[in-house]
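Enquirer: Fold the following.
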Amino acid sequence: MKYIATIEDKEFTVEIIDENHITIDGQVLDVDFESVSGQPVYSLILDGKSYEAHINQGENGLQVLLHGQLYDVNVEDEREKRLRAAAGETVAASGEFHLKAPMPGLVVAIPVNEGDQVEKGDVLLVLESMKMQNELKAPRAGTIERIRVHAGDSVEQKQTMLSIS
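Expert: Take a look at the predicted model:
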């Protein structure tokens, strides 16, 4: 599984190969990562260099204290990133929004109908992919204009499934 770590607006692609090897942006590294006595303190040996990091959950992700510097770190897997992109975090407050499939899958349920008023965060569609059901939610309030798929339909990545105005 690949993860995307965002630190100060810079993205890094991290892939866990096995418990002793990872790649960061394609570069293979030897790694040893352990929690110290169940505390939010971690020992990290990365390519033979030793680091100690204090990691806590922050409001918008992780806060990592390393060498006296505090970093805000957001980590998401590829699926989460696609779902967030499909939800349109930067969606315009007006105009038509097209909900597109973030990945190929099977439409399991559509709990809305054309003409329904929806609020930001309402579930628009449930999509099953890789044996997981994903609730795709409204990025903003609006009216369901057109539903282009039905429960039971298979969809391709980026296929428009419904529209909100």
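Enquirer: Please parse this protein into its domains.
Expert: 2-77, 92-164 (automatic domain parsing).
Enquirer: The ones you listed into JSON lines, with extra columns for mean neighbour count and mean pLDDT?
Expert: Where you see a C-beta, it was placed from the backbone N, CA and C, and this is true even at glycine. What follows is these, written out as JSON lines (neighbours: other CB atoms under 10 Å; pLDDT from 0 to 100):
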{"stretch": "domain 2-77", "mean neighbour count": "12", "mean pLDDT": "87"}
{"stretch": "domain 92-164", "mean neighbour count": "16", "mean pLDDT": "88"}
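Enquirer: SS state for Arg79?
Expert: Put simply, Arg79 is helix when judged by DSSP: H, G, I helix; E, B strand; the rest coil.
Enquirer: Give me the pLDDT value at the most centrally placed residue in the chain.
Expert: Centroid-nearest residue in the chain: Glu80, 2.1 Å away (criterion: CA atoms, centre = their mean). If you check Glu80, the pLDDT there is 73.
Enquirer: which ones are touching it?
Expert: Listed by CB atoms under 8 Å, 6 or more residues apart in numbering, the contact set of Glu80 is empty.
Enquirer: Which helix or strand contains Glu34?
Expert: Take DSSP states H and E as the rule and Glu34 turns out to sit in strand 27-35.
Enquirer: Could you do Val108 as well?
Expert: Using DSSP H and E, Val108 falls in strand 105-109.
Enquirer: for that strand, packing partners?
Expert: Packing contacts for strand 105-109, counted by 3 or more CB pairs under 8 Å, 6 or more residues apart in numbering; DSSP states H and E, involve strand 123-129, strand 154-155.
Enquirer: Now render those as JSON lines, adding distance to Glu11.
Expert: Output for the helices and strands packed on strand 105-109, formatted as JSON lines (distance: least, CB to CB, whole Å):
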{"stretch": "strand 123-129", "distance to Glu11": "23"}
{"stretch": "strand 154-155", "distance to Glu11": "27"}
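Enquirer: Nearest to Glu19, out of those?
Expert: Closest to Glu19 of the helices and strands packed on strand 105-109 is strand 123-129 (CB to CB; 27.2 Å).
Enquirer: Can you show me the helices along the chain?
Expert: 78-87 (DSSP state H).
Enquirer: which residues does Met132 form a beta bridge with?
Expert: Here Met132 sits in beta bridges with Ser129, as judged by DSSP bridges.
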